[in-house]
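> Provided below for reference: sequence and predicted model.
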Amino acid sequence: MTQVGSQAVDAAVLRPEPVRISRSVPARRETVFKAWSKAEHVKHWFAPEHYTVPHATVEMRVGGAFEVCMRAPDGTDHWTRGSFAEVTPNDRLVLDLRVDGGDGKVLFTAWTEVTFSDTTCGTQLDIVQTYTVYDPAMLAAIGGAPEGWSQTLDKLARHAAHMDGRTGEQPTQRSAVHAIFSLERTYDAPAARVWRALSDMEAKSKWFGGDPGQWESLERTMDFRVGGTERAKGRWQGGMTSTFDAHYLDIIPNERIVYSYVMHLDERKISVSLATMELKPAGEGRTTLKITEQGAFLDGYEDNGSREHGTGFLMDRLGASLKD
């Protein structure tokens, strides 16, 4: 960690409880990681709400600089300086950060561990920040770190969504990019039980949606019949809403479901898809579910495999729900 010379000997050292915060970001893991990699990105988000970042130096390599100037609404500059202690692309970052006083002495250090992982509709970001405090007056500022991080990660989510083309802003150019994928899972459950998880709204709500605590359900309807519709609308922690609107086209009980659906982020339509779910026996008391999806991603929205990853996570959550 940061070396502070004789200061560590001369001053009473305080070690408050680490700050831990998690956030689900509706963007690809590679994009969220990239948002930490360059000053041009960090300047957009690495500060609480109403603060700006006029200056930043980011050299993403072990030993490379990570220095950020956060400017408060009253014009006061607050510098955080340090370096990268660990860089594992798209998986993990460790930053060795410090805040100095006007006399150059270290006020506190912040060993910051950031882990990136795939989640249902984007990226799970887990942050642990461990402090060593040399000036007790800084304890109040550190006490406000959870709220500061929450606001900062809201800004990160918005910037990562913008980088990924996942914003509610209306496009300036029209385009359609097509993709198709098929996924399979085999469950230790009979077809009738898997069918219920797909066709009953209460059972489906246990697995179909964002991660608890990261996504708030706003609207949920399901009319499971040929010609019926389904809607799942929710708000992410960063404020963005996602809306799934489906129309059922073909239903064969315990065997097949075919439906079309439209996805919106805020008011922007991002995709139109045709999905087929097929259930097959896989031995006594076991069922294989195969989902095939053909999608048209619209007007600059870049999916880059995220829909397939998200569907895989939902299928895994479906399997977990069958054990309840």
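Yep, that arrived.

> any regions of the protein where pLDDT drops low?
Applying pLDDT under 70 to the chain flags the ranges 1-11, 120-121, 165-172, 238.

> mind listing the helices for it?
Counting by DSSP state H, one finds helices in the chain at the ranges 7-10, 29-34, 39-45, 139-143, 145-163, 191-199, 201-204, 306-321.

> just those: most buried one?
The highest average neighbour count among the helices of the chain, using mean count of other C-beta atoms under 10 Å, belongs to helix 29-34 at a mean of 21. Using the backbone N, CA and C atoms, a C-beta is placed for each residue, glycine as well.

> what does it rub up against?
Applying C-beta atoms under 8 Å, 6 or more residues apart in numbering, the external contacts of helix 29-34 come out as 25, 41, 89-91, 93, 116-118, 122-123, 125, 156, 160, 163-164, 304.

> which among the residues you listed end up buried?
Using 16 or more other C-beta atoms under 10 Å as the burial test, the contacts of helix 29-34 include 25, 41, 90, 93, 116, 118, 122-123, 125, 156, 160, 163-164, 304 as buried.

> as JSON lines, the residues you listed with distance to A282 would be great.
Below are these laid out as JSON lines (distance: C-beta to C-beta, whole Å):
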{"residue": "V25", "distance to A282": "35"}
{"residue": "H41", "distance to A282": "46"}
{"residue": "N90", "distance to A282": "34"}
{"residue": "L93", "distance to A282": "41"}
{"residue": "F116", "distance to A282": "34"}
{"residue": "D118", "distance to A282": "26"}
{"residue": "G122", "distance to A282": "31"}
{"residue": "T123", "distance to A282": "32"}
{"residue": "L125", "distance to A282": "36"}
{"residue": "L156", "distance to A282": "42"}
{"residue": "A160", "distance to A282": "38"}
{"residue": "M163", "distance to A282": "41"}
{"residue": "D164", "distance to A282": "36"}
{"residue": "N304", "distance to A282": "31"}
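
> residues near the residue nearest to L289 when sequence neighbours are not counted, how many?
Nearest residue to L289, sequence neighbours excluded (C-beta to C-beta, 6 or more residues apart in numbering): R185, at 5.4 Å. Look at R185: counted by other C-beta atoms under 10 Å, it has 16 neighbours.

> looks like R185 contacts R317 (just checking).
No - with contacts counted by C-beta atoms under 8 Å, R185 stays clear of R317, the gap being 10.5 Å.

> ok, which stretches of the stretch 201-324 of the chain are strands?
Counting by DSSP state E, counting those that start in this stretch, the stretch 201-324 of the chain has strands at residues 215-222, 229-236, 241-252, 256-265, 268-281, 287-298.

> of those strands, which is nearest P136?
strand 229-236 (37.4 Å; C-beta to C-beta).

> break this protein down into its domains, please.
Split into domains by the TED database, the chain comes to 19-164, 176-322.

> now those in a markdown table, with distance to V13?
Compiled in a markdown table, the domains of the chain are given as follows (distance: least, C-beta to C-beta, whole Å):
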| stretch | distance to V13 |
| --- | --- |
| domain 19-164 | 6 |
| domain 176-322 | 34 |
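
> tell me which of those domains lies nearest to A12.
domain 19-164 (7.5 Å).

> end to end, how far does that closest one reach?
Distance across domain 19-164, first residue to last, is 28 Å (C-alpha to C-alpha, to the nearest Å).

> distance from the chain centre to that domain, please.
Domain 19-164 sits 15 Å away from the centroid of its parent chain (C-alpha atoms, centre = their mean, to the nearest Å).

> do stretch 13-22 as well
On C-alpha atoms, centre = their mean, the centre of stretch 13-22 falls 23 Å from the chain's centre.

> any chance you could list what contacts it?
For stretch 13-22, the surrounding residues in contact (C-beta under 8 Å, 6+ apart) are 124-134, 136, 139, 142, 145-146, 149-150, 153, 213-214.

> if we go to 10 Å?
By C-beta atoms under 10 Å, 6 or more residues apart in numbering, the residues outside stretch 13-22 that reach it are 4, 7, 108, 110-113, 115, 119, 124-136, 138-139, 142-143, 145-150, 152-153, 211, 213-214, 237.

> neighbours around D324, how many?
If you count neighbours by other C-beta under 10 Å, D324 ends up with 7.
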